[in-house]
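> sharing a model prediction with you, sequence too.
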Amino acid sequence: MRRVQVQVVTCALLLLVFSASPGQAASPSSGSVGPASGSAIAVDFAPVGPGVSSGGTIESLCAPVYCDGFNLTVALPQPDGQFYSSHVASLQIVYTWNSTLQNDMDVFAFAPDGTESGPGTPDDISTGAGKEVLTVANPASGSWFVESHVGITPVATPAHAVITLTYQTVTVPPPPALGPHDPRFTNASPPLHYQNADVLSRTNAGEPSLGTDWKRGVAMYMAGTQISRITFNDTASPPTATWTDVTPPQQGVVNEDAILFTDHQTNRTIATGLLVAGSNATYSDDAGATWKPGSFPVPHSPDHETVASGPYAAPAPPTAGLAGYPNAVWYCSQNILQIAGSFCGRSDDGGITYNPSGMVFGAGSPCGSISGHIKIAPDGTIYVPQNNCKRADGIGGQGTAMSTDNGSTWTYPVIPDSTARSGNAGTDPSIGIGSGGTIYEGYEAGDGHARIAVSHDRGKTWAPSVDVGAVWNVQNSKFPEVVAGDDNRAAYAFLGTSSAGNDQSASFGGTWYLYVAFTYDGGGHWLTLNATPGDPVQRGCIWNGGGSNPCRNLLDFNDIGIDQNGRVLAAYTDGCANIDFSYSSVVGGVQGAQHGPSNCDSDPNAFANTDKVSLDGLARQGCGLGLLAAKDPGFYNACPAPTVVSVYPAAGATGVPRTTGVSATFDQPVSSATLRLVDASGNSVLGTVACGNPCTRVIFTPSRKLSNHTLYTATATGTNPAGTATRTWSFST
């Protein structure tokens with residue numbers, strides 16, 4: 001279940017006549033942009049309408065009366081893979097029309113592989129001059145199809161479009177080298193085969209949510225029909241994590257859009273699982289040892305729920321605290337039909353019962369209805385982020401619904417320099433709230449980049465957005481998750497890849513990692529880390545369009561939190577693993593699809609254009625400065641020595657090509673690295689050694705071809721202030 005942007009009207013639908021209009025009459029009927037940057041073409045579309053679009057397959061059909069189409073060729077100066085290794089590009093369609101009646105027209109673009117983009121922004125009803133702008137980041141070369149389409153169109157309406165291709169060379173500054181107190185992460189994921197499956201035999205790793213119980217020092221983790229309590233042993237090196245299944249029986253059957261939240265003040269954990277007609281709600285006050293049933297508010301929506309607990313805003317309602325629970329519990333969910341909106345309801349007794357809920361997003365709000373995770377500030381201000389809110393200039397950006405009166409009224413701050421991705425291509429933004437009320441909103445921008453903006457006055461003004469993935473050349477990002485501690489300290493986790501191009505396409509070849517960006521000065525500066533070096537989270541596309549798709553194994557979101565000492569924990573779904581067994585999961589709507597064996601972590605070609613796994617993942621800050629200054633220096637002196645997490649060629653590999661390079665990947669940046677290769681007689685192989693900045697992967701390139709049928713031994717060494725890592729292994733050509 002998930003996000004389908006559909007427009008409907010309650011009045012009688014207008015009669016559609018199909019017999020007279022051709023399917024395509026644009027002038028010209030075809031044209032091209034490129035290969036030069038800035039090249040453009042103008043198109044006049046024939047009138048479409050009257051009609052009302054219900055979305056879906058009718059767009060791809062471009063039915064008469066509903067749609068007029070234009071064949072567009074996108075030409076790039078080089079083959080796509082070569083071009084996008086050093087460039088970023090934008091295909092912009094400025095689409096305009098004029099109508100004497102209230103009219104909503106829509107523009108769509110279909111890529112050569114059939115991937116749909118659109119409608120443009122703002123997607124609204126207007127009288128007189130109307131305008132939508134559709135921007136496609138890093139378009140594929142080849143044959144596109146651009147559509148002028150009815151939205152809610154009462155009369156036949158012509159339209160005009162100007163289509164422009166622009167691109168620029170990517171310039172990547174070297175990332176800063178990490179100091180001895182900068183954060184580092186350790187893998188706290190469970191062992192393979194830990195996670196269970198629901199009654200439909202579906203594994204439960206998609207859409208993880210995370211809570212931290214500050215009283216007991218444990219983490220609570222929920223995905224699908226499984227809830228886990230995680231304990232940590234920091235006396236071990238590296239620290240270890242123990243996962244215990246604490247799922248209550250009522251949560252272990254079927255859940256859709258499961259979500260969990262732990263209140264730091266009360267340490268109550270609330271877990272819910274969407275069941276279409278209602279939400280299966282439970283709560284625990286002892287970290288999952290026992291559970292009690294809760295409820296959900298009415299009206300209720302059937303998709304993408306979220307829950308949180310926090311203080312009331314002053315003045316608190318008369319019912320606050322009467323049942324003995326000091327904080328408000330909030331539950332929100334959205335409708336499948338966008339115009340039907342998104343609702344939030346408040347509980348004054350800790351999630352046992354709820355007051356009637358009210359509409360937050362819907363008709364009349366400047367934002368769409370697809371809502372992110374609700375967050376509550378220390379002063380009781382409520383935030384529900386949204387990924388397509390109308391900016392002051394009418395362009396779609398990123399914003400939030402905000403209430404300062406316990407949900408009685410809502411306003412909609414929008415980040416003024418933010419952009420939104422086209423419909424069903426982006427992910428929810430996320431808000432972290434500091435102890436003094438500063439809000440940090442991280443989002444997937446219209447060009448796919450990971451950006452974050454900061455406001456110190458509840459969204460009245462915003463500092464310029466910062467591209468926190470730029471230091472790693474992140475061209476596409478997914479699943480923003482933000483948490484704050486002190487007012488000037490925050491962390492922003494996201495999935496990112498350095499591959500440009502359409503990440504919704506089945507042919508996308510990106511390799512994704514989990515990144516976490518930190519600020520210790522209120523957003524003035526950000527330090528971004530690769531939290532899973534040597535361990536990709538996904539290879540290939542990440543689908544955001546809902547429904548069933550092989551690339552939707554990660555589903556719709558991740559989560560982030562901090563513990564009582566200010567450590568950051570990032571929960572994620574791991575879609576890429578080295579596995580040597582068959583692993584059942586749901587892929588493309590097929591239950592029990594088998595996976596493995598696979599070398600996805602170490603083989604760049606593994607799982608390309610095939611089904612993908614879905615495994616529980618947790619990255620935990622092992623050392624470095626945390627988000628609570630009162631806990632300094634705390635654990636930040638505990639940074640362990642680096643280790644080698646992967647090597648290439650693999651240890652014991654045979655038949656290795658004589659032209660191969662040799663490499664080793666460290667779990668954290670090192671200040672210096674070496675890699676030496678010797679033959680069976682102990683003679684050193686001549687070659688060059690290189691490592692990036694920060695140095696996480698050292699590469700040895702032989703000066704000439706290696707000898708045939710020869711055993712070679714490699715030794716890699718990396719050193720930083722915490723210590724030295726050494727790995728020796730052998731392979732044969």
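Yep, it's here. Numbering: from 1, shown residues only.
> in the chain, where is pLDDT below threshold?
Counting by pLDDT under 70, the chain shows low-confidence ranges at 1-24, 55-57, 172-180, 276-277, 337-338, 580-598, 604-611, 637-638.
> quick check: domain ranges of it?
Taking automatic domain parsing as the criterion, the chain consists of the domains 30-169, 183-191+415-574+602-638, 644-732.
> got those domains as a markdown table, with distance to V307 and mean neighbour count columns?
Where you see a C-beta, it was placed from the backbone N, CA and C, and this is true even at glycine. Converted to a markdown table, the domains of the chain look like this (distance: least, CB to CB, whole Å; neighbours: other CB atoms under 10 Å):
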| stretch | distance to V307 | mean neighbour count |
| --- | --- | --- |
| domain 30-169 | 29 | 19 |
| domain 183-191+415-574+602-638 | 12 | 22 |
| domain 644-732 | 34 | 17 |
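> JSON lines for those, including distance to Y283?
As requested, the domains of the chain are exported to JSON lines (distance: least, CB to CB, whole Å):
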{"stretch": "domain 30-169", "distance to Y283": "37"}
{"stretch": "domain 183-191+415-574+602-638", "distance to Y283": "17"}
{"stretch": "domain 644-732", "distance to Y283": "37"}
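> those: which one's closest to A401?
Closest to A401 of those, according to CB to CB: domain 183-191+415-574+602-638, at 10.3 Å.
> roughly how far out does the closest one sit from the chain middle?
7 Å (CA atoms, centre = their mean, to the nearest Å).
> dump the C-alpha coordinates for stretch 127-144 into CSV.
The C-alpha coordinates for stretch 127-144 follow below in CSV (Å, rounded to 0.1, in the frame of the first residue of the first chain):
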residue,chain,number,x,y,z
THR,A,127,-8.2,30.3,-14.0
GLY,A,128,-6.6,32.2,-16.8
ALA,A,129,-2.9,31.6,-17.4
GLY,A,130,-1.8,28.2,-16.1
LYS,A,131,1.7,26.8,-15.7
GLU,A,132,3.5,23.6,-14.7
VAL,A,133,7.2,23.0,-14.7
LEU,A,134,8.5,19.5,-15.0
THR,A,135,12.2,18.9,-14.4
VAL,A,136,13.8,15.5,-15.1
ALA,A,137,17.3,15.1,-13.6
ASN,A,138,19.9,13.4,-15.7
PRO,A,139,17.7,12.2,-18.5
ALA,A,140,18.6,9.1,-20.6
SER,A,141,19.4,9.7,-24.2
GLY,A,142,17.0,8.3,-26.8
SER,A,143,13.3,8.6,-27.6
TRP,A,144,11.0,10.3,-25.1
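> ok, G432 - contacts?
Residues in contact with G432 (CB atoms under 8 Å, 6 or more residues apart in numbering) are 375, 439-440, 442, 482-484, 490-492, 560.
> C-alpha coordinates for the helix or strand that contains it, CSV please?
Per DSSP states H and E: G432 is located in strand 430-433. Extracted in CSV, the C-alpha atoms of strand 430-433 (Å, rounded to 0.1, in the frame of the first residue of the first chain):
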residue,chain,number,x,y,z
SER,A,430,12.5,14.5,7.6
ILE,A,431,12.7,17.0,10.4
GLY,A,432,15.0,16.9,13.4
ILE,A,433,14.2,19.3,16.3
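> the spatially closest residue to S347 that is not a sequence neighbour: how many residues sit nearby?
Leaving aside its sequence neighbours, S347 sits nearest to V329 (CB to CB, 6 or more residues apart in numbering; 4.1 Å). V329 is flanked by 28 other residues according to other CB atoms under 10 Å.
> just the buried residues of the helix or strand containing V329, please?
Secondary structure from DSSP H and E places V329 in strand 328-334. For strand 328-334, burial by neighbour count (16 or more other CB atoms under 10 Å) applies to 328-334.
> that one pairs with which strands, and in what direction?
Applying DSSP bridges, strand 328-334 is found paired with strand 303-310 (antiparallel), strand 342-347 (antiparallel).
> what about it, distance to the chain center?
So, by CA atoms, centre = their mean, the centroid of strand 328-334 is 21 Å from its chain's centroid.
> give me the nearest residue to the most centrally placed residue in the chain, chain neighbours excluded.
When CA atoms, centre = their mean is applied to the chain, the residue found nearest the centroid is F479 (1.5 Å). Distances taken as CB to CB, 6+ apart put N558 closest to F479, at 4.5 Å, once the chain neighbours are dropped.
> so the one you found sits right up against A205, yeah?
No. Taking contacts as CB atoms under 8 Å, N558 lies outside contact range of A205: 10.9 Å.
> so for the two, which residues contact both of them?
Common neighbours of N558 and A205 (CB under 8 Å, 6+ apart) are T573.
> T166 should be in a strand, yeah?
Yes. Membership of T166 in a strand is supported by DSSP: H, G, I helix; E, B strand; the rest coil.
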